[in-house]
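1. Pasted the sequence and its predicted model underneath.
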Amino acid sequence: MAKIILSVNAGSSSVKMTFYRSQNPPVPIVDAQVSGITSPPQTLKYSKSSGDKKEKLDETLDTPPKAFKYLLERCLSDAEISEIANVDDLACICHRVVHGGDYTEAIVIDDSTYHRLEEIEDLAPLHNFSALEIIRTCRKELPNVKNIAHFDSAFHRSLPLHVRTYPIDQEVAEKRGLRKYGFHGISYSFILRSVAQFLGKPKEQTNLIVMHIGSGASICAIKDGKSIDTSMGLTPLAGLPGATRSGDIDPSLVFHYTSNASSLSPASTKEMHISTAEEILNKKSGWKGLTGTTDFAQIAVENPPTENHKLAFDIVVDRISGYLGNYYVKLQGQLDAVVFAGGIGEKSALLRRAVTQQCNCLGFDVDLEKNEKGIANDNSVTDVTKSDKGPRVLICQTDEQFEMAYHTLEELKMV
Ligand SMILES: Nc1ncnc2c1ncn2[C@@H]1O[C@H](COP(=O)(O)OP(=O)(O)O)[C@@H](O)[C@H]1O
Ligand SMILES: CC(=O)OP(=O)(O)O
Ligand SMILES: [Mg+2]
């Protein structure tokens, strides 16, 4: 029987792929990632038991599907990894699909579910289109392997009605599915389990504010192990600014920005329709719009190269702090920990310092030395709190690929 699970995570700026031996918990065999898809050069990170490798790529892998094909070929042709020499070794492929519409649980892809996903594709134009293209490739080129879609939105199925409802005509809202869905849920699910374990508490009694800050950034308030609010909305555009996303703005702004807001953007294809407004707010805004770079490592520095780099940093800190205050109130101050995660949350000590200093009145107290050191060894959770009082301040190395493999084995029992 085939015993290998492949997890694929197409993010907005990266494609990450990990092969697992299907044991409990899943054991990684090889992890391969292409990052910098939105800002050349693309880099490859490749990790297996014999060591890690990082290299700049000569190939242009400027879309997630191209990066996926490259990574798959590279892993399958690696003579050192005999376990995955043959595609018949694959039991299933788990795909991170950001927008799952009304799906509240992972699903096996067949013609009918694939068609349903095509219908909601336009709601998350930066993500679902790429994920679906990757799924299409897998169904065509690996027809004997089962594909499972895991949804970012599913974790937020617990959002209360008054949180997920927008104050608009409810007939239109109902008909068109216009409500808050929320995203990064696969990551939040991993973080919740890891942090609860770290704190020695059952998940069902754990209260957290979790920040997933990467090219796409969001925050989630978790009460008794359930999402009670999150900053992204109908689409991943709402809430915090991202690398190329504006985050929250006055919705009227876009009509003052351009008189073509509703016309199709030239970036549209036959399969994917994206309006000029969506193109501007999803792809030409965020810290790229302010500074020209999507790389937050060039922005989160002690001496920013331009005023706009400093401004971008200050905006991000301000917006995150606003949500921390908001969610602190929603949790009535009853929280076990605030958690930093995502590419930026995990790597930028400066961002963690600035945010916790801004929110110091909420009792978030960071040990500057521990914060500077960041993630300690291979642990998924690192405590950087200064005192014994107040909520813990934690860094969690989130792992969406692991979460999908774990969920497939543990909850769905599909392998
Ligand atoms: N040392 C660092 N300091 C600040 N930001 C960093 C650092 N290293 C990487 N990043 C940023 O992390 C982001 C990528 O995060 P990630 O969560 O992997 O993104 P995504 O999943 O959306 O592709 C990029 O914006 C990158 O610039
Ligand atoms: C939902 C989302 O924005 O995902 P990512 O951060 O991976 O781009
Ligand atoms: Mg991501």
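-> Right, received. Where do you want to start? Ligands and ions are numbered 1, 2, ... in the order given.
2. you'd agree residue 44 is in a helix?
-> No - the assignment for residue 44 (DSSP: H, G, I helix; E, B strand; the rest coil) gives strand, which keeps it out of a helix.
3. That one and ligand 2: what is the separation?
-> Plainly put, residue 44 is 18 Å away from ligand 2 if you go by C-beta to the nearest ligand atom, to the nearest Å. All C-beta spots, glycine's among them, are computed from the backbone N, C-alpha and C.
4. So what's the residue count around that residue?
-> 20 (other C-beta atoms under 10 Å).
5. my guess is it contacts residue 33, does it?
-> Yes - taking C-beta atoms under 8 Å as the definition, residue 44 is a contact partner of residue 33 at 7.2 Å.
6. Quick check: the residue of the stretch 201-350 of the chain nearest ligand 2.
-> residue 216 (2.0 Å; C-beta to the nearest ligand atom).
7. contacting residues around residue 346?
-> Residues in contact with residue 346 (C-beta atoms under 8 Å, 6 or more residues apart in numbering) are 340, 374-375, 395-398.
8. same thing but 7 Å
-> 340, 375, 395, 397 (C-beta atoms under 7 Å, 6 or more residues apart in numbering).
9. before we move on, what about residue 4?
-> 19-22, 83-84, 89-91.
10. And the pLDDT for it?
-> For residue 4, the pLDDT comes out at 94.
11. With residue 145 instead?
-> For residue 145, pLDDT reads 94.
12. Select from the contacts of residue 346 every entry located in strands.
-> 340, 395 (DSSP state E).
13. Distance to residue 37 added to the contacts of residue 346, as JSON lines?
-> Putting the contacts of residue 346 into JSON lines (distance: C-beta to C-beta, whole Å) gives the following:
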{"residue": "340", "distance to residue 37": "23"}
{"residue": "375", "distance to residue 37": "24"}
{"residue": "395", "distance to residue 37": "25"}
{"residue": "397", "distance to residue 37": "21"}
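14. for the contacts of residue 346, which one is nearest residue 125?
-> Taking C-beta to C-beta as the measure, residue 125 lies nearest residue 340 of those, at 27.6 Å.
15. you'd agree that closest one is up against residue 395?
-> Yes - using C-beta atoms under 7 Å, residue 340 is in contact with residue 395, at 5.0 Å.
16. between these two, who's got more neighbours?
-> Comparing residue 340 with residue 395 by neighbour count (other C-beta under 10 Å), the higher total belongs to residue 340, at 30 against 25.
17. Against residue 300, how distant is that one?
-> Counting by C-beta to C-beta, to the nearest Å, the gap from residue 340 to residue 300 is 12 Å.
18. Using neighbour counts, give me the buried entries of the contacts of residue 4.
-> 19-20, 22, 84, 89-91 (16 or more other C-beta atoms under 10 Å).
19. where does whichever residue of the stretch 301-415 of the chain sits closest to ligand 1 land in three-state SS?
-> Closest contact between the stretch 301-415 of the chain and ligand 1, by C-beta to the nearest ligand atom, is at residue 343 (2.0 Å). Here residue 343 is helix, with the state taken from three-state DSSP.
20. I'd guess residue 204 is in a helix, am I close?
-> Yes - remark: residue 204 belongs to a helix, assigned using three-state DSSP.
21. Give me the nearest residue to it, chain neighbours excluded.
-> residue 225 (4.6 Å; C-beta to C-beta, 6 or more residues apart in numbering).
22. How about the contacts made by the one you found?
-> By C-beta under 7 Å, 6+ apart, residue 225 lies in contact with 192, 203-204, 206.
23. separation between the nearest residue to residue 134 once chain neighbours are set aside and ligand 3?
-> Leaving aside its chain neighbours, residue 134 sits nearest to residue 68 (4.8 Å; criterion: C-beta to C-beta, 6+ apart). Distance, residue 68 to ligand 3, by C-beta to the ion, to the nearest Å: 15 Å.
24. and the next element down the chain from the helix or strand hosting residue 68?
-> Assessed by DSSP states H and E, residue 68 sits inside helix 64-76. Per DSSP H and E, the first helix or strand lying C-terminal to helix 64-76 is strand 90-97.
25. residue contacts, the residue nearest the centre of the chain?
-> Central residue of the chain (C-alpha atoms, centre = their mean): residue 184, 4.3 Å from the mean position. The contact partners of residue 184, by C-beta under 7 Å, 6+ apart, come to 152, 212, 218.
26. What values do phi and psi take at it?
-> phi 60, psi 20 (degrees, to the nearest 10).
27. give me the beta-bridge partners of the closest residue to it other than its chain neighbours?
-> Among residues not flanking residue 184 along the chain, residue 212 sits closest, at 4.3 Å (C-beta to C-beta, 6+ apart). Per DSSP bridges, the residues bridged to residue 212 are residue 218, residue 341.
28. And residue 15, by the same measure?
-> residue 10, residue 34.
29. wait, doesn't it sit right on residue 72?
-> No - judged on C-beta under 7 Å, residue 15 makes no contact with residue 72 at a distance of 10.0 Å.
30. what ranges do the strands span in the protein?
-> 4-10, 14-21, 27-35, 43-48, 51-56, 90-97, 107-108, 146-151, 208-213, 217-223, 226-230, 337-341, 381-383, 392-396.
31. Show me what the mean pLDDT comes to for the fourth one.
-> Averaged across strand 43-48, pLDDT comes to 93.
32. So for that strand, could I get the coordinates as PDB, restricted to C-alpha?
-> Taking Å, rounded to 0.1, in the frame of the first residue of the first chain, the C-alpha atoms of strand 43-48 are listed here in PDB:
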ATOM      1  CA  THR A  43      15.100  31.100  -4.200                       C
ATOM      2  CA  LEU A  44      14.900  27.400  -3.500                       C
ATOM      3  CA  LYS A  45      15.100  25.900   0.000                       C
ATOM      4  CA  TYR A  46      15.600  22.200   0.000                       C
ATOM      5  CA  SER A  47      15.800  20.100   3.200                       C
ATOM      6  CA  LYS A  48      16.200  16.400   3.700                       C
END
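33. can you tell me if it touches ligand 1.
-> No - for strand 43-48, no contact with ligand 1 is found by C-beta under 6 Å from any ligand atom; the gap never falls below 10.4 Å.
34. What pairs with that strand, parallel or antiparallel?
-> Short version: by DSSP bridges, strand 43-48 pairs with strand 27-35 (antiparallel), strand 51-56 (antiparallel).
35. ok, the closest residue to ligand 3 within the stretch 151-300 of the chain to residue 38 distance?
-> Closest residue of the stretch 151-300 of the chain to ligand 3, C-beta to the ion: residue 214 (4.6 Å). Note on residue 214: its distance to residue 38, by C-beta to C-beta, is 12 Å.
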